[in-house]
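Trainee: Fold the stuff below for me.
(3 chains)
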Amino acid sequence: MMEYRLDLARTLDCGQAFRWTQSEDGLWQGTAGGKTLGVSQHDLSPVMEDAFWRNYFDMDFDYEGAREALAASSPVMAKAAAFSSGIQILNQDPWEALCSFIISQNNNIKRIKGIISRLCCGGCFPTPEQIIEIGVPGLRAIGLGFRDSYVYDAAFRVHSGLIDLDQIKTLDVPEATEALKTIRGVGDKVASCALLYGFHRLECFPMDVWMKRVMADLFDGMDGRDLFGPLAGLAQQYLFFYARELYYKENSI
DNA sequence: CACCAGGTGGAAC
DNA sequence: GTTCCACATGGT
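Mentor: Presented below is the predicted three-dimensional model:
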């Protein structure tokens, strides 16, 4: 049994965050909450010794225990969990996560990163007020495509108080989902991603095309929320990584 | 030049 | 209820 350890590459480059880059020497650099970080896999002390980053990387959650619990749920999940060691669920900013996953729809990771990079313009992720200031034509110019009005609507609703992100933290997942879905361009999948990655609701199980395929092929079409319960979101990340990196390659389908 | 990308809204059955 | 399709953009 290998010792468990945060895996930066798997955690930062698996589609839950879009603002981290790795330089040739292996250093991961990113920004969150107005702070910047540079950290390498061989020395995680910059994460361990700073309260903000410790929380951001979710270092105080019992991932070993969670992995054991998930592995006990089924042989397939046990394989996926064993293969996906080191993936953790980040504590990202709710607003940034919400916008990021609106932008992610019908889009690819590379372009998502480019759009978000241009939105941030080297600094912090724009506030709702700054998004409103940019305006729909400005967002279109940045390359959001048809998602421009979606992000603008999110900004408008948060700025005006129609959506209260702090209050959403207090709602249960079905209520929070319904609240988020009042935003144009937010459906079940985007809401689920925002809640999992931005609000740390580990029971959320984002169903994208890949997960539909995984659940059909490996779990006889069962519902991941029923199978994995309060750890469904973590299970989803393991299965996503396992399926794309191993299962569908070995089986060449 | 077609087709795709970790979807969604809306119309048409 | 379900099934289609357009949606803007850059990459194969």
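Trainee: How about the residue of the stretch 101-250 of chain A at minimum distance from DNA strand B, nearest residue that isn't a chain neighbour?
Mentor: DNA strand B sits closest to residue A:187 of the stretch 101-250 of chain A, with a gap of 2.6 Å, by C-beta to the nearest atom of the strand. Just so you know, the C-beta spots here come from the backbone N, C-alpha and C atoms, and that holds for glycine as well. In space, and not counting its chain neighbours, residue A:187 is closest to residue A:181: 6.6 Å by C-beta to C-beta, 6 or more residues apart in numbering.
Trainee: Which residue ranges of the stretch 1-150 of chain A form strands?
Mentor: A:21-22, A:28-32, A:35-39 (DSSP state E, counting those that start in this stretch).
Trainee: what's in contact with the longest helix along chain A?
Mentor: Of all the elements of type helix in chain A, the one with the most residues (DSSP state H) is helix A:128-142. Taking contacts as C-beta atoms under 8 Å, 6 or more residues apart in numbering, the residues outside helix A:128-142 that touch it are A:95, A:99, A:115, A:118-119, A:126, A:148-149, A:151-152, A:154-156, A:158-159.
Trainee: do you know how far residue A:185 is from residue A:242?
Mentor: Counting by C-beta to C-beta, to the nearest Å, the separation of residue A:185 from residue A:242 is 29 Å.
Trainee: Which one of those two is surrounded by more residues?
Mentor: Ranked by neighbour count (other C-beta atoms under 10 Å), residue A:185 and residue A:242 place residue A:242 first, with 22 against 19.
Trainee: hang on, that one packs against residue A:80?
Mentor: Yes - in this structure residue A:242 lies within contact range of residue A:80 using C-beta atoms under 8 Å: 3.7 Å.
Trainee: Please name the residues that touch whichever residue of the stretch 1-150 of chain A sits closest to DNA strand B.
Mentor: Among residues of the stretch 1-150 of chain A, the one nearest DNA strand B by C-beta to the nearest atom of the strand turns out to be residue A:15. It sits 2.6 Å away. For residue A:15, the residues meeting the contact criterion (C-beta under 8 Å, 6+ apart) are A:104, A:109, A:240.
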